[in-house]
Every structure is written in structure tokens, then in C-alpha cells.
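Participant: got a predicted model here, sequence first, then my questions.
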Amino acid sequence: KQSVLRRPLCLLPLLCLSAMQSFMTSGLMVLVCLGASHAFMPTAAPCKLPQGAASLSLRQAPAAVSMGIERGDVIKGFVPALLAGAGAAPAWAKKAKPVVKGDGKWAQHNGEFTEEELTEGFTTSASGLMWREEQLGTGAQPIQNQTVTTHYSGYLASNGALFDSSYDRRKPLSFRVGQGNVIKGWDEALLDMKIGSRRILVIPPKLGYGDRGAGDGKIPKGATLVFYVELVGVSP
């Protein structure tokens with residue numbers, strides 16, 4: 001009876017050894033699977049730093065590599081070219097000066113002038129220049145030999161024909177005032193105007209082009225001229 005009861009106890013060591021072998025085999029399989037999955041994972045390609053980049057700090061290196069720009073390229077203008085190509089202009093890029101544009105609607109006239117249009121509200125100077133203030137200027141008043149910038153439209157008083165207009169060209173006229181660079185009527189009128197002023201001038205032949213005319217026949221000899229003049233700027 002004792003021998004029959006002891007037989008199962010004799011099998012216990014074998015059962016324990018078998019269980020341990022099974023556990024070790026399972027753990028080994030797990031390690032093998034993990035190693036295999038790691039072996040098939042994609043790895044990042046090593047970054048090749050540009051020559052001389054070894055001195056860059058870790059924070060600087062990615063920026064230098066991603067841009068691919070060397071410091072000397074800034075001097076050569078390579079960086080602004082890249083930024084311009086990407087649609088972004090550098091903040092320090094030189095900007096073109098805006099062209100002065102006046103509103104030429106006030107200087108438009110159609111058809112012949114009536115007598116009232118050339119006489120009512122006008123002031124006549126000692127020289128015979130007639131002018132009427134359409135808009136008072138509040139800026140600086142030029143002195144002789146300063147550069148003035150003006151917009152204008154010029155008409156023949158006889159038939160109202162337009163012979164010249166800076167408004168139509170979208171480009172103002174600049175010159176040194178009081179130096180005989182323009183007709184006498186212009187010099188006299190502009191020295192009495194301020195920036196922002198708009199005047200209609202009626203200039204007799206002696207203060208205009210006299211008996212010689214101008215503009216390849218556009219302005220005939222002895223013509224009285226009507227100018228709509230705007231003073232937009234004064235500079236030394």
C-alpha cells in the first residue's frame with residue numbers, strides 16, 4: 001500500500017522539470033519574435049553634414065542641414081533669391097518708391113470754354129497772369145531754385161483742345177522753379193502756391209510760348225493757354 005501511494009510523488013520532479021522547459025521555450029520564442037520585428041523596422045538614413053558643419057551645435061545642425069545654405073550665400077544674394085522664388089521677400093529688401101499719382105478728374109474738361117469759365121472768380125496779377133484757386137494747399141510753399149513736383153492738364157483757350165497732361169501719363173513733372181525751365185506763367189504761379197494747392201491758370205501768349213508756338217503745332221503761335229495745375233511736392 002505504501003508503494004502504491006508513493007508512485008505519484010515520484011512523478012512530481014519530472015512534471016516540474018517539464019513545466020520549466022515549457023516556460024523557457026515560450027520565453028525564448030518571445031525574444032526571437034521581438035528581435036525579428038526590430039530587424040524589419042525601417043531606420044533613418046544618416047544625415048550628411050555639409051563641410052565645416054562639425055562646429056555647429058545640436059540645435060543648429062538640423063536647421064543648417066534642412067536649408068542647405070552656407071553663410072557665404074547670404075552675401076552672394078543666394079538666400080534672397082530662394083526666398084523670392086518661394087514667394088516671400090526678405091524684410092530688408094529695397095522697395096521701390098511709389099509713384100506720385102494725383103486725381104486728374106478735377107482737371108478734365110470737354111469742349112470749348114465759355115467766357116464765364118475763364119473769367120468768373122479769377123484773380124489777375126500785374127503781369128497779366130490769371131488764376132483761380134480750386135483747392136487751398138496747406139503744405140510748404142516753394143522758393144526760387146527749389147525742385148517742385150506738379151501734375152497738370154493743358155488746354156487751348158480758343159477751342160478747349162487738350163494738348164498735354166501729366167495725369168494721363170500717370171507721371172508728374174519735376175523741375176527747379178524760378179529758373180526759366182518752364183514758361184513764365186508757370187514760374188510765377190508755382191512760387192505763389194503751397195503743396196496740395198490746385199489752380200486753374202489762364203496764361204496769355206507773352207507768359208506762354210509767344211509767337212513761336214510749341215509741340216509741333218499743337219500749340220499755335222500767339223495762343224492763350226489754360227492749365228489745371230496741382231502742386232504735389234517741394235524739395236531742396
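Facilitator: That came through fine.
Participant: does the residue nearest to Tyr152 when sequence neighbours are not counted count as helix, strand or coil?
Facilitator: Once flanking residues are discounted, Tyr152 sits nearest to Val229: 4.7 Å by C-beta to C-beta, 6 or more residues apart in numbering. C-betas here are computed from N, CA, C, even on glycine. Counting by DSSP: H, G, I helix; E, B strand; the rest coil, the backbone at Val229 sits in strand.
Participant: Val229 - how many residues pack around it?
Facilitator: Using other C-beta atoms under 10 Å, the number of residues around Val229 comes to 24.
Participant: what do you get for Thr138?
Facilitator: Thr138 has 9 neighbours, counted by other C-beta under 10 Å.
Participant: now swap in the one 10 residues further on and tell me
Facilitator: Neighbours of Val148 under the rule other C-beta under 10 Å: 24.
Participant: Val177 is in contact with that one, correct?
Facilitator: Yes: under the criterion of C-beta atoms under 8 Å, Val148 makes contact with Val177 at 4.8 Å.
Participant: residues in contact with Lys221?
Facilitator: Tyr209, Gly210, Asp211, Arg212, Gly213 (C-beta atoms under 8 Å, 6 or more residues apart in numbering).
Participant: could you do Asp211 as well?
Facilitator: Residues near Asp211 by C-beta under 8 Å, 6+ apart: Pro205, Lys221, Gly222.
Participant: for the contacts of Lys221, pick the one with the most neighbours.
Facilitator: The residue in the contacts of Lys221 with the most neighbours, by other C-beta under 10 Å, is Tyr209 (19 neighbours).
Participant: for it, give its distance to Gly154.
Facilitator: Distance, Tyr209 to Gly154, using C-beta to C-beta, to the nearest Å: 11 Å.
Participant: picking that back up, what about the contacts of Lys221, which are in helices?
Facilitator: Per DSSP state H, helices hold no members of the contacts of Lys221.
Participant: want to try TSV for the residues you listed, with distance to Ile183 and pLDDT as columns?
Facilitator: Listed next are the contacts of Lys221 as TSV, based on distance: C-beta to C-beta, whole Å; pLDDT from 0 to 100:
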residue	distance to Ile183	pLDDT
Tyr209	7	97
Gly210	9	96
Asp211	13	95
Arg212	11	93
Gly213	12	94
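Participant: closest to Lys171 among the residues you listed?
Facilitator: Tyr209 (22.0 Å; C-beta to C-beta).
Participant: next one: phi and psi at the closest one?
Facilitator: Main-chain dihedrals, Tyr209, degrees, to the nearest 10: phi -100, psi 10.
Participant: and Gly233, bridged to which residues?
Facilitator: Assessed by DSSP bridges, Gly233 has beta-bridge partners Thr149.
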